[in-house]
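Asker: for reference, the sequence and a predicted model appear below.
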Amino acid sequence: MASIHREVRIQASADQVWDAMRDVGALHTRLCPGFVIDTKMEAKDVRLVTFANGRQAREMIVSVDDAARRVCWAIVDEPFVHYNGAAHVTPLDDGACRFTWLSDLLPNELEPTVTAMIEAGIADIKRTQERT
């Protein structure tokens, strides 16, 4: 199983970034509007995400944990046999925060594509949240 772990320091408060991240139906307007161009909630815990590159993913929201500032989701459609993603925000002493994105997936052959998308997403999150 491929595992991807990426982190970035964001010059914004953990509260600000968490407030945008926990709004799971507004990725395209609040968290990463350059990476995600549309988010449609299909049910209380299922969203259809459309990325800037045209790809789409149906994601089941597994948890939104306010205490840990963590969101966990699963992609339930092909081409994945398994996909579990999680992101969390950690406050830093200087008022900035660390944004961490973790993904485990199968088949392993999708790892380079998913890594590139995560890196693009995390860069857009940093840009967007530092502008806000």
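Answerer: Alright, I've got the coordinates. Residues are numbered from 1 along each chain as shown.
Asker: show me where this protein has helices.
Answerer: 14-21, 111-131 (DSSP state H).
Asker: please name the bridge partners of the residue nearest to the spatial centre of the chain.
Answerer: Nearest to the mean C-alpha position of the chain, by Cα atoms, centre = their mean, lies A87 at 5.9 Å. Here A87 sits in beta bridges with V71, W101, as judged by DSSP bridges.
Asker: over to Q56?
Answerer: With DSSP bridges as the rule, Q56 is bridged to T50.
Asker: look up how far E42 lies from it.
Answerer: Applying Cβ to Cβ, to the nearest Å, the value for Q56 to E42 is 12 Å. For glycine as for every other residue, the C-beta is placed from the backbone atoms N, C-alpha and C.
Asker: between those two, what contacts are shared?
Answerer: Here Q56 and E42 have L48 as joint contacts, going by Cβ atoms under 8 Å, 6 or more residues apart in numbering.
Asker: give me the neighbour count for the closest residue to F35 other than its chain neighbours.
Answerer: Closest residue to F35 apart from its sequence neighbours, by Cβ to Cβ, 6 or more residues apart in numbering: D124 at 3.9 Å. Residues near D124, counting by other Cβ atoms under 10 Å, number 17.
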